[in-house]
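Participant: build me a model:
(one chain, ligands or ions: 1)
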Amino acid sequence: MIEAQSLTKRYGATVAVDNLSFEVKPGKVTGFLGPNGAGKSTTMRMILGLDTPTSGDVRIDGKRYRDLRQPLTEIGALLDAKWVHPNRSARAHLSWMAASNRLPKNSVDKVLDMVGLTEVANKRAGAYSLGMSQRLGIAGALLGDPRILLFDEPVNGLDPEGIVWIRTFMQRLASEGRTVLVSSHLLSEMALTAEELIVIGRGRLIAQSSTAEFVERASGSTIKVRTPQLDQLQAVLQQQQLTTRVEAGDQDTKVLYVDGDVTTDQVGELAAAQGVVLHELTQQRGSLEQAFMELTGDSVQYHAQDGAQPAPGVAGALGVPPVSGVETVSGPREDN
Ligand SMILES: Nc1ncnc2c1ncn2[C@@H]1O[C@H](COP(=O)(O)OP(=O)(O)OP(=O)(O)O)[C@@H](O)[C@H]1O
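Facilitator: Now for the predicted structure:
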């Protein structure tokens with residue numbers, strides 16, 4: 001279990017994490033979701049004692065990271081898969097980690113096997129593909145057989161096969177009763193991976209709920225109806241206090257949309273009760289990413305390389321005013 005209490009981190013004038021409280025429970029994958037610059041990596045670094053909170057507190061099974069006697073046996077993390085020395089083999093890298101953390105030698109073979117790197121374990125890590133590097137990073141996180149695992153954007157840049165492998169692997173770790181926190185800026189990816197979500201924007205908590213609930217809320221639902229008796233059906237639905245709108249369809253036809261908390265079953269039954277003929281009755285969901293951007297819209301931060309223009313399709317498309325005081329997140333980080 002990870003518990004954050006009013007966690008805040010400031011870098012000069014930038015508030016990277018703002019009064020953030022959440023719980024990450026064991027036995028499920030929890031997605032840590034937010035647009036770029038939302039404060040996910042900073043929060044993870046504070047959990048791992050790599051950054052000191054300006055105020056607030058974060059505990060791992062009730063303890064601060066610095067008070068853990070053998071940290072790798074309690075919490076493992078993959079923050080950046082490419083930090084391994086390129087001339088070292090996976091086996092050498094993991095053996096060094098095991099020795100310096102007083103972990104048993106056989107833990108190396110065990111984790112290499114778990115992540116499927118046994119056959120290439122003696123090759124230099126610099127020659128690994130991104131997918132293999134991610135596996136090596138995961139092997140390092142698992143070396144002490146910890147109950148708690150953190151993965152920072154583990155699927156970034158991976159091909160579909162690599163994404164599925166990591167997703168399945170994380171779910172397996174959670175099914176073993178471990179606490180798994182994984183960050184991402186893609187709701188569509190988290191919808192497939194995580195059972196629970198902690199959603200942040202500009203360092204602040206936007207939501208903590210089950211993924212199903214969040215997706216339901218985020219994507220909203222609209223029912224599309226095509227009928228030759230449009231006016232009649234619209235009147236019936238409006239009598240039921242349902243919100244309707246009529247839009248032009250193909251070839252001079254009109255389409256009726258019903259918004260809000262209503263199912264196709266209900267609309268179909270209301271139509272049948274009035275003898276209204278239906279040509280189409282379908283539920284339509286908005287794009288998940290679009291809905292997510294709307295929820296986090298005023299908290300979107302973007303990189304400054306493009307001359308501080310909002311990324312296409314993000315802030316701009318949503319009519320979000322440009323954010324002042326844009327910071328880049330590239331380059332070396334300094335803790336203060
Ligand atoms: N060491 C640092 N010094 C100054 N500002 C920082 C530092 N680390 C992070 N920040 C700023 O804190 C904010 C949160 O950054 P963070 O990297 O935690 O976000 P993120 O959600 O992980 O985003 P990304 O996915 O783009 O890495 C950003 O405004 C970033 O520029």
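
Participant: low-confidence ranges, the stretch 101-250 of the chain, go.
Facilitator: Within the stretch 101-250 of the chain, the segments meeting pLDDT under 70 span 219-220.

Participant: domains for this structure, by residue range?
Facilitator: Domain assignment for the chain, taken from automatic domain parsing, gives 2-217, 221-284.

Participant: mind checking which of those is nearest Leu295?
Facilitator: domain 2-217 (6.3 Å; Cβ to Cβ). C-beta: built from backbone N, CA, C; applies to glycine.

Participant: run the chain-centre distance for that closest one.
Facilitator: 12 Å (Cα atoms, centre = their mean, to the nearest Å).

Participant: give me the phi and psi angles of the residue in the stretch 151-300 of the chain that the ligand sits nearest to.
Facilitator: Using Cβ to the nearest ligand atom, the closest approach of the stretch 151-300 of the chain to the ligand is made by His185 at 5.7 Å. Main-chain torsions, His185, degrees, to the nearest 10: phi -110, psi 10.

Participant: roughly how far does it sit from Thr168?
Facilitator: His185 sits 21 Å away from Thr168, going by Cβ to Cβ, to the nearest Å.

Participant: go on, Met114?
Facilitator: Met114 is 12 Å from Thr168, by Cβ to Cβ.

Participant: more neighbours: which of these two?
Facilitator: Taking neighbours as other Cβ atoms under 10 Å, Met114 and Thr168 compare with Met114 leading, 16 against 11.

Participant: show me what contacts the closest residue to that one other than its chain neighbours?
Facilitator: Distances taken as Cβ to Cβ, 6 or more residues apart in numbering put Leu142 closest to Met114, at 6.3 Å, once the chain neighbours are dropped. Leu142 is in contact with Gly76, Val111, Met114, Val115, Leu149, Leu173, counting by Cβ atoms under 8 Å, 6 or more residues apart in numbering.

Participant: contact residues of the stretch 1-150 of the chain facing the ligand?
Facilitator: Contacts of the stretch 1-150 of the chain with the ligand, taken as Cβ under 6 Å from any ligand atom, map to Tyr11, Thr14, Ala16, Gly34, Asn36, Gly37, Ala38, Gly39, Lys40, Ser41, Thr42.

Participant: and the two most separated of the residues you listed?
Facilitator: Tyr11 and Gly34 (16.8 Å).

Participant: neighbour count: those two, which is higher?
Facilitator: Neighbour count, other Cβ under 10 Å: between Tyr11 and Gly34, Gly34 has more, with 27 against 16.

Participant: excluding chain neighbours, what is closest to the more buried one?
Facilitator: The nearest residue in space to Gly34 (Cβ to Cβ, 6+ apart) is Ile200, at 4.1 Å.

Participant: go on, Asn122?
Facilitator: Ser89 (4.9 Å).

Participant: in PyMOL, select just the buried ones from the residues of the stretch 1-150 of the chain next to the ligand.
Facilitator: Filtering those down to the buried ones (16 or more other Cβ atoms under 10 Å) takes a single PyMOL command:
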select buried, resi 11+16+34+37+38+39+40+41+42
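
Participant: all good on my end, thank you.
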